[in-house]
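S.K.: Prediction below, plus the sequence it came from.
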2 protein chains.
Amino acid sequence: MASRLLTPAEAEAAIRQHATQLPAVRLPLTELSGAVLRESIISTRDQPPFDRVTMDGIAFSFSAWEAGRSSFRIAGTQAAGVAPLTLRESSDCIEVMTGAMLPIGCDCVVPVENIEVQDGVAQLRDDAPAPVREFNVHGRGIDSRRGDLLLPSGCRLGPAEVAVVASNGQTHALVAQAPNIVVISTGDELVEPGRPLEDWQISRSNVYGVLASLRRHGYSALSHDHVPDDLPTLRERLGSHLENNDVLILSGGVSMGRFDYVPQVLQELGVRMMFHKVAQRPGKPLWFGVGRDGQTVYALPGNPVSTLVCLTRYVLPGLQASQGATPLEVETITLAQSYEVKPSLAVFLPVTLTRTVAGLCAMPQPTRGSGDFTSLIGTVGFVELPPGPRVVQEDASLPFYRW
Amino acid sequence: MASRLLTPAEAEAAIRQHATQLPAVRLPLTELSGAVLRESIISTRDQPPFDRVTMDGIAFSFSAWEAGRSSFRIAGTQAAGVAPLTLRESSDCIEVMTGAMLPIGCDCVVPVENIEVQDGVAQLRDDAPAPVREFNVHGRGIDSRRGDLLLPSGCRLGPAEVAVVASNGQTHALVAQAPNIVVISTGDELVEPGRPLEDWQISRSNVYGVLASLRRHGYSALSHDHVPDDLPTLRERLGSHLENNDVLILSGGVSMGRFDYVPQVLQELGVRMMFHKVAQRPGKPLWFGVGRDGQTVYALPGNPVSTLVCLTRYVLPGLQASQGATPLEVETITLAQSYEVKPSLAVFLPVTLTRTVAGLCAMPQPTRGSGDFTSLIGTVGFVELPPGPRVVQEDASLPFYRW
C-alpha cells in the first residue's frame, strides 16, 4: 500500500472493484422493489399489443366523417378485454371503452363528452375538436416492439420497472440475492438502550442508525451484535459472523487507540485488507477488506457522524456494486453560503436544504467536531468538499449524498 | 360540490384534511426506520453526557503546556467506558482513548500522531499544531441539554433520528401504526402475468407498480386483488376489503365508460366521496373518499401512467398525513428545455435528470398519451406544469415529485 492516503474517489473505486458479486435469484413480482436486475428483459409482445382505445366514447370510420357525416347509429358496444367487433356500415359507430381493442373498420375515437346520444344515435357536438385519423387510439407497437430490450441487466427496479416486468407477462425476474448483513458495534463505553448508565457510559446508537439506513435502502436480511474491546471475544464473534454473513459492517475499533483491535483481528481471520484510512474528515480511519469466502467487510470509525457518513459514501455504493447495479450518477448541489475548508483532507459536510433565488441549495450544518447524532437532526445528507485549505464559494457545484 | 374541477393543490389539501389519523403504537428501535413519530423525544441527559475525548492521544493540563512544558510522564491509561482517572501532577499526562471521559485535572488532548513516546514519556512534536484549551474535547452539553426537545411529534424517522432515539436511552418510540393497504385492480382486459393472453388482453401490471412504490416508501402491510367489471362481485369484494383495511387503492373503473362502476359501488358501501376528477392530465378521473370506519379510499384511473402519477402526487402524501407527518416542502427543479402545455389543465410531465451548465435539470419525457409503463423506463419522477395554453420556459422552477 502506498503511504499516501487514498482519496474518497479512490476508496470508492477500490470498494467497487473488490465488492464480491452476490448470486442471482429468481424473485416474484411482489418482492422486486429496489432489487437489481441480473438478466435483460426482452419484450415478448408489441406494446401496446393492439390498437388500443384511450378514451371512453365512440369509434367510427374517419373517412365517413371526412365525407360529411357527423351522426352515427350505435351498432354495438366494445368493452375492454373481449374480441374486437367489426363495423359493418360506415354510417354506424361502436361505443368503446378505454383499454378496449379498436373495433375492426374503425380508425377514430371521439370521447363521450364530445357527443350527444339520442335514440341510439350519437351526434358529434359542434363545439368539439374536429376528429383526425388515429384520434384517441394508441397504435400497436408505438411504445416498443416484440424483441426490443426493455430493461438491461444491472437496472434498479423502481415502480415503473417492476410494472414493465409484469406487463411483459413475467411472474418472476432474475435479480441479485439480498445480502445477509450483520452490523457490529464495538466500544466498552456503549450500553444497550434502556439499561442503566454510569456517568461515563453512553447508549449504543450507531448500530440502530446503520440498520435504519439499510432498511430505508431496501435491505432487510439484517442482524446486529455488540462485541466488547477484548481480543479473544472479538476474534471468536467476528469469526462466527464471517461464517454467517455476506457483509459485515463494523462501527468502532479502527482508530489508533490502544484497544482498537478490529483490523488486527480481521486480518487474523483471513480478511484481506484492501485499504485502511482515507484522506477525509470525518471518517479517516475507514478500513475495508474481503474475507476468504468473498465476504465484504466495512469497518467504520465509531464516531456516530463518521459512521453514518462512511455508510452513505462507501457502504451503500459497495452493496449496490455487489448486487451488480450500474453505478448511478452522483447528485450535485450548490452551497447556500461559502464554506472554509481548513484541513488538507476532503470534508464531508452535513447540510439541510434551503431555497434561494438560485433554487434549492445546501445549507452547511457543521457538527463542530461533534460525535453526536443530535447534530445531524434535520439534515438530509452531506456534500463532499475538496481538500483545503481553501474557501469553497457558494456557487460551487458539489457532490451531494442523501442519508 | 362545485362544478369547477379541483386543482391538484386543492385535491391534495382535501386529502390531507380528510385522511384519517392512524392509531399510535410503540415500536422497537429496529422497526422505526421511516416511521412517523407520535410523541416528542425529550433529552434525558446532556449530550455529550460528559467531557468526551474525541481523539486517541494524551490528556494533560493546558496551563502546564502554557508554562513551557512539552513532555509529560504517562501516568496511566483512560479507556472509554470506565470511570475517570485523576491527573495527580501537572508534569504528568494520561493516555486517552476516543470516547473516553476526560480525566479529572486535564483540559487538553493531543492526538497520538502528534507525539513521540519513549521510556514512558510523551514528547509533543515540534511540527504539531499548538494545543489550546479544550483541544480535542467535546464538552458536556454542547450539543443539547437534558430536557431539550430533540425530535418533535410528526417527525419522520431517518437513520440519524432513529439513532437519536437510541442514544436517548429508549428501546421503543411511539409512532403511527403502519396502515393495512390493499391495492385493487379492475378491468376485464387484465390477465395475471404468466397466464396465456388473447390478442385483446394485457397483463395486469399496475398493481405491481403500485406495490413496488409503496414498498419503496416503507409500507409493508400490503395485499392485492383483482375484481372483474361486474357490479355484484365488485360490491362484495370491495365490501370485504373495506372491512379488513385502513386504506384501499383502486386502479381503474373511475372513468366515464359503461362499466366504470367503482364510484357507484363505493358510495353504496358507505364511502363518502370527497371529490371526483381533478383538473389535471393525466389522471383527471381521480376519485377520493372516506369510509364509515375512516378507511381512506383512493380510486385512481386505470391508465398505467395515470395510476403511478396519482399514486405519487396524492396517495403517498395522503398516507403520510394519515401517519401524522409534518408535510415536507416539495422539491423543485428547472426544465432542461422549454415545454408547451396545450390543455387548460395542470400537466404532470415525466422527466429524466440531466446535467446542464445550470446544474441538474429535468428533461421532459412526454409519454405521447401512452398508457404504457415502458414509456416511463428511466424516468425519476415528474414535474407539475401549470395549466395551458402556455409555453413553460426552461428556467422555470417547477414542483418535482420523485417516484
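M.R.: Received, thanks.

S.K.: tally of neighbours for residue A:125?
M.R.: 12 (other C-beta atoms under 10 Å in any protein chain shown). All C-beta atoms are positioned from the backbone trio N, CA, C, and that covers glycine.

S.K.: Domain-wise, how is chain A divided?
M.R.: Domain ranges of chain A: A:8-22+A:178-323, A:27-47+A:143-176, A:52-138, A:331-402, per automatic domain parsing.

S.K.: just the helices in chain A please.
M.R.: With DSSP state H as the criterion, chain A has helices at A:8-18, A:62-66, A:159-167, A:206-216, A:231-244, A:262-268, A:304-310, A:316-323.

S.K.: Mind giving me the packing neighbours of the fifth one?
M.R.: In terms of contact count using 3 or more C-beta pairs under 8 Å, 6 or more residues apart in numbering or on different chains; DSSP states H and E, helix A:231-244 is assigned the packing partners strand A:181-186, strand A:222-227, strand A:247-251, helix A:262-268.

S.K.: Quick check: mean pLDDT of that helix?
M.R.: Mean per-residue pLDDT for helix A:231-244: 97.

S.K.: Distance from the chain centre to that helix, please.
M.R.: How far helix A:231-244 lies from its chain's middle: 32 Å, per C-alpha atoms, centre = their mean, to the nearest Å.

S.K.: what's the answer for the second one, then?
M.R.: The chain centre lies 50 Å from the centre of helix A:62-66; the measure is C-alpha atoms, centre = their mean.

S.K.: buried ones in it?
M.R.: Neighbour-count burial for helix A:62-66, counted by 16 or more other C-beta atoms under 10 Å in any protein chain shown, picks out A:62, A:64-65.

S.K.: of all these, which comes closest to chain B?
M.R.: residue A:62 (17.6 Å; C-beta to the nearest C-beta).

S.K.: tell me the contacts of that closest one?
M.R.: Residue A:62 sits next to A:107-108, A:131-133, A:135 when contact means C-beta atoms under 8 Å, 6 or more residues apart in numbering or on different chains.

S.K.: Derive a ChimeraX selection command for the buried subset of the residues you listed.
M.R.: Entered in ChimeraX, the line below selects the buried ones among these, by 16+ other C-beta under 10 Å:
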select /A:107,108,131,135
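
S.K.: So what's the residue count around residue A:71?
M.R.: 14.

S.K.: ok, which residues in the stretch 251-400 of chain A are in contact with chain B?
M.R.: A:252, A:255-260, A:302-304, A:308, A:311, A:329, A:331-334, A:353, A:355, A:359-360, A:368-377, A:379, A:397 (C-beta under 8 Å from any C-beta of the partner chain).

S.K.: Quick check: the residue lying closest to residue A:125 once chain neighbours are set aside vs residue A:123, distance?
M.R.: In space, and not counting its chain neighbours, residue A:125 is closest to residue A:114: 5.2 Å by C-beta to C-beta, 6 or more residues apart in numbering or on different chains. Going from residue A:114 to residue A:123 by C-beta to C-beta, to the nearest Å gives 10 Å.

S.K.: Give me the more crowded residue out of those two.
M.R.: Using other C-beta under 10 Å, the more surrounded residue of residue A:114 and residue A:123 is residue A:114, with 16 against 12.

S.K.: doesn't residue A:124 make contact with the more buried one?
M.R.: Yes. Using C-beta atoms under 8 Å, residue A:114 is in contact with residue A:124, at 6.5 Å.

S.K.: which one in chain A is furthest away from the centre?
M.R.: residue A:119 (55.4 Å; C-alpha atoms, centre = their mean).

S.K.: and that one, what pLDDT?
M.R.: Residue A:119 is given a pLDDT of 96.

S.K.: swap in residue A:332?
M.R.: 89.

S.K.: Just give the closest residue to it, not the sequence neighbours.
M.R.: That would be residue A:397: by C-beta to C-beta, 6+ apart, it lies 4.7 Å from residue A:332.

S.K.: now swap in residue A:161 and tell me
M.R.: residue A:151 (5.8 Å).

S.K.: which residue does the stretch 201-350 of chain A bring closest to chain B?
M.R.: residue A:209 (3.2 Å).

S.K.: how deep is the nearest residue to that residue once chain neighbours are set aside tucked in, by neighbour count?
M.R.: Nearest non-adjacent residue to residue A:209, counting by C-beta to C-beta, 6+ apart: residue B:163, 3.2 Å away. The tally of other residues near residue B:163 (other C-beta under 10 Å) stands at 32.

S.K.: Kindly report the same for residue A:159.
M.R.: By the measure other C-beta under 10 Å, the count of residues near residue A:159 is 26.

S.K.: need the residues of the stretch 1-150 of chain A near chain B, please.
M.R.: For the stretch 1-150 of chain A, the residues in contact with chain B (C-beta under 8 Å from any C-beta) are A:29-30, A:32-34, A:43, A:45, A:47-50, A:52, A:54, A:56, A:77, A:79-84, A:95, A:97-101, A:111-113, A:138, A:142-144, A:150.

S.K.: got a list of what the nearest residue to residue A:7 once chain neighbours are set aside touches?
M.R.: Nearest residue to residue A:7 in three dimensions, chain neighbours excluded: residue A:279, at 5.6 Å (C-beta to C-beta, 6+ apart). Shown in contact with residue A:279 (C-beta under 8 Å, 6+ apart): A:5-8, A:344-346, A:387.

S.K.: If you rank the residues you listed by neighbours, which is first?
M.R.: Within the contacts of residue A:279, neighbour counts (other C-beta under 10 Å) peak at residue A:346, which reaches 24 neighbours.

S.K.: circling back to that earlier point, switch the domains of chain A over to TSV; also include distance to residue B:178.
M.R.: Output for the domains of chain A, formatted as TSV (distance: least, C-beta to C-beta, whole Å):
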stretch	distance to residue B:178
domain A:8-22+A:178-323	13
domain A:27-47+A:143-176	16
domain A:52-138	33
domain A:331-402	23
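
S.K.: ok, of the ones you listed, where does mean pLDDT dip lowest?
M.R.: Among the domains of chain A, domain A:331-402 scores lowest, at a mean of 91.

S.K.: out of the domains of chain A, which comes closest to residue B:157?
M.R.: domain A:8-22+A:178-323 (7.0 Å; C-beta to C-beta).
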